[in-house]
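S.K.: Okay, sequence plus prediction incoming.
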Amino acid sequence: MNWGTKLVLGMALFMSFIIGMVVYMFKQHGNDSLVEEDYYEKGINYDKEYNAKTNTLKDEATPEIKQSQSQLIIQLKATANYQLILMRPSAKEKDIKSGGKTIGTENLIIIETGSLDKGLWLLKLEWQSNGKDYLFSKNITI
């Protein structure tokens, strides 16, 4: 084999490698859990999210979070309607969404953690109380 044949074989192998990588990346396109589905809508509604975070700080409404062996207990300052999302960074299909009204006079939100994977979770809590929107997010370890 002369040097011309080796050069052509090398280029063919390199081109097939590049084509293989392109095909692989296109197959993986929809499986990325770090990219949000409604990215542009979230950008448009950023002011609303910012105001909700500001309300949480200004009104000193940061929720108290306590963990027991089998429960995650979140206590709010006032009765509220809430939307809670627990996001698992390693697997989008394990995310948990919950909503409703706080429980009792202590304004509790109780999440059972027995079936959740141990490790890092992102807690995102949105709630409405006394005509205001609030937003709180925090990384927690279960």
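M.R.: Nice, I can see it.

S.K.: Glu112 pairs with what?
M.R.: For Glu112, the beta-bridge partners are Gln71 (DSSP bridges).

S.K.: my guess is Leu76 meets Ser129, correct?
M.R.: Yes - in this structure Leu76 lies within contact range of Ser129 using Cβ atoms under 8 Å: 7.1 Å. Every residue, glycine included, has its C-beta placed from N, CA and C.

S.K.: so what's in contact with the two at the same time?
M.R.: Residues touching both Leu76 and Ser129 by Cβ atoms under 8 Å, 6 or more residues apart in numbering: Ala61.

S.K.: What is the lowest-mean-pLDDT helix or strand in the chain packed up against?
M.R.: Lowest on mean pLDDT, DSSP states H and E among the helices and strands of the chain sits helix 39-44, with a mean of 82. The helices and strands touching helix 39-44, judged by 3 or more Cβ pairs under 8 Å, 6 or more residues apart in numbering; DSSP states H and E, number zero.

S.K.: Can you dump the C-alpha atoms of the helix or strand that that helix is followed by in PDB for me?
M.R.: Proceeding N to C from helix 39-44, the next assigned helix or strand is helix 46-58, under DSSP states H and E. Output of helix 46-58 as PDB, limited to C-alpha atoms (Å, rounded to 0.1, in the frame of the first residue of the first chain):
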ATOM      1  CA  TYR A  46     -39.100  36.400  33.700                       C
ATOM      2  CA  ASP A  47     -40.400  39.600  35.200                       C
ATOM      3  CA  LYS A  48     -43.300  37.800  36.900                       C
ATOM      4  CA  GLU A  49     -40.800  35.300  38.400                       C
ATOM      5  CA  TYR A  50     -38.500  38.000  39.500                       C
ATOM      6  CA  ASN A  51     -41.300  39.900  41.200                       C
ATOM      7  CA  ALA A  52     -42.400  36.700  43.000                       C
ATOM      8  CA  LYS A  53     -38.900  36.100  44.300                       C
ATOM      9  CA  THR A  54     -38.700  39.800  45.400                       C
ATOM     10  CA  ASN A  55     -42.000  39.400  47.300                       C
ATOM     11  CA  THR A  56     -40.600  36.400  49.100                       C
ATOM     12  CA  LEU A  57     -37.600  38.400  50.400                       C
ATOM     13  CA  LYS A  58     -39.500  41.700  51.000                       C
END
